[in-house]
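1. Quick check, what structure comes out for this input:
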Amino acid sequence: MGTAVAEKRARILIVDDDTESVELVWQWLTLQGHDLLLARNGKEALEKIRATPPDLILLDLRLPPPDGFEVARLLKQSPETRTIPVIVMTVRRDVASKVECLRIGVDDFVTKPFHWDELDATLQAALEKRRLYTALEAANQQLLAANDQLLKLSVTDDRTSLYNDRYLRQRLSEEFKRSMRYGTALSLILLDLDHFKKINDRYGHDCGDAVLRQFGEILVDNAREIDIVGRYGGEEFLMVLPNTDGIKAAIVGERVRKATEDHLFRFQDQIIRLTASAGISSVPTNREIREEEEFVRAADEALYRAKEGGRNKVIVDRASMPSKILDGDLSPIFDASYEEEDLPRRSRPPEIRGPKG
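-> Next up, the predicted model:
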């Protein structure tokens, strides 16, 4: 007997200003083992529902304003309360009232004076419907969470928690097409950790993975919210910088290079110093670039020159820089900085939200 009562125990709100009806229903439902709440008018009912949503509502239509019709209408219009079963208690037997209630979306009716078996069967059917919906909603939430996790895994590099190569290429393609269509500035920074293979050979791959993660954090710390940062493969990383010309990209690249040079990479009891090299290309300044592959190749060739020139350097593709500064001193560029609104700093790696349209 106790088990049966526990299985159907529910929190039920009775909304009625008829003392005699309330007493009768209250006694009956208490014997069934339910937790009961009471509201004497529509305003009080809405307040209690918002504060502690019940599993089921027994609602009288004749209430001080707002009446039962308006309470039901408000409940069924709200996403937070529309799935709570509403059973109307009424002495009205006219068809018009029932039609209006059905249009509002109430779940069932019981007529005063009550037939207790009918009331019990109606409540149990509504509560079972509520339990099934709640279980379905929980399952849907679990499915959404699982899909979200799968999406994150599909676009995330497992070693650095940055975007992976596949997602980087997709976003680069989107941004490149946008730049070509509207003529907006777009820059690419291809970065490589200098002599990274020696880290794996000397300290092992776990240490190498820790270094990659820490370098990824340096990149994110120097990126804006709109920038796309990810691991391009091995020890290479890519930064896609929308609305950024070659000069500003050079500032970012130099900032990353200096931060890497100054950083103490830590793994267990090891402290490691590393440097990074970077190659930059920019459109539409480089008017020879017409395809994404050419865009990446220009940055890759600039990176190659940086490494051939002794590493720990930032080299900008010549065609991606305004000609008036190519033969000048680049130090003023590197000493410059973005305005605050241009470079809102991140405090953590980017949240993965999936591919953007």
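2. now the strands for this protein?
-> Counting by DSSP state E, the segments of the chain that form strands are 11-15, 35-39, 56-60, 86-90, 108-111, 186-193, 228-233, 236-242, 265-267, 270-272, 276-283, 314-316.
3. Out of those, point me to the one whose mean pLDDT is lowest.
-> If you rank those by mean pLDDT, strand 108-111 sits at the bottom with a mean of 84.
4. Listing partners with orientation, what would you give for that one?
-> Strand pairing for strand 108-111, using DSSP bridges, gives strand 86-90 (parallel).
5. For the strand it pairs with, what is the distance to the chain centroid?
-> Relative to its chain's centre, strand 86-90 lies at 40 Å (C-alpha atoms, centre = their mean, to the nearest Å).
6. hmm, back to that, most tightly surrounded among the strands of the chain?
-> strand 276-283 (a mean of 28; mean count of other C-beta atoms under 10 Å). Any C-beta I mention is one placed from the backbone N, CA and C, and that applies to glycine too.
7. give the contact list for the residue nearest to Ile189 when sequence neighbours are not counted.
-> Counting by C-beta to C-beta, 6 or more residues apart in numbering, the nearest residue to Ile189 once its immediate chain neighbours are dropped is Met239, at 4.1 Å. Taking C-beta atoms under 8 Å, 6 or more residues apart in numbering as the criterion, Met239 is in contact with Leu188, Ile189, Leu191, Leu219, Ala223, Asp227, Ile228, Val229, Val252, Val256.
8. Distance-wise, check Met239 relative to Ile57.
-> Separation of Met239 from Ile57 (C-beta to C-beta, to the nearest Å): 55 Å.
9. again with Ile104
-> Distance from Ile104 to Ile57, by C-beta to C-beta: 13 Å.
10. what do you get for Leu127?
-> Leu127 sits 11 Å away from Ile57, going by C-beta to C-beta.
11. Overlap in contacts, those two.
-> The contact lists of Leu127 and Ile57 share Pro85, where a contact means C-beta under 8 Å, 6+ apart.
12. what number of residues lie near Gly42?
-> 23 (other C-beta atoms under 10 Å).
13. do the same with Leu144
-> 10.
14. rewinding a little: which one, of the strands of the chain, ends up nearest to Leu303?
-> strand 276-283 (2.9 Å; C-beta to C-beta).
15. Who are the packing partners of that closest one?
-> Helices and strands touching strand 276-283, by 3 or more C-beta pairs under 8 Å, 6 or more residues apart in numbering; DSSP states H and E, are helix 165-182, strand 186-193, helix 246-262, helix 292-308, strand 314-316.
16. Could you rerun that using 10 Å?
-> Using 3 or more C-beta pairs under 10 Å, 6 or more residues apart in numbering; DSSP states H and E, the elements in contact with strand 276-283 are helix 165-182, strand 186-193, helix 205-221, strand 236-242, helix 246-262, helix 292-308, strand 314-316.
17. before we move on, back to that, ok, what's across the strand from the residue nearest to Ile189?
-> The partner residues for Met239, given DSSP bridges, come to Ile189, Val229.
18. Show me whatever sits in contact with both of Ile104 and Ile57.
-> Val71, Ala72, Leu75, Val86, Val88 (C-beta atoms under 10 Å, 6 or more residues apart in numbering).
19. From the structure, what's the count of residues near the first one?
-> Look at Val71: counted by other C-beta under 10 Å, it has 26 neighbours.
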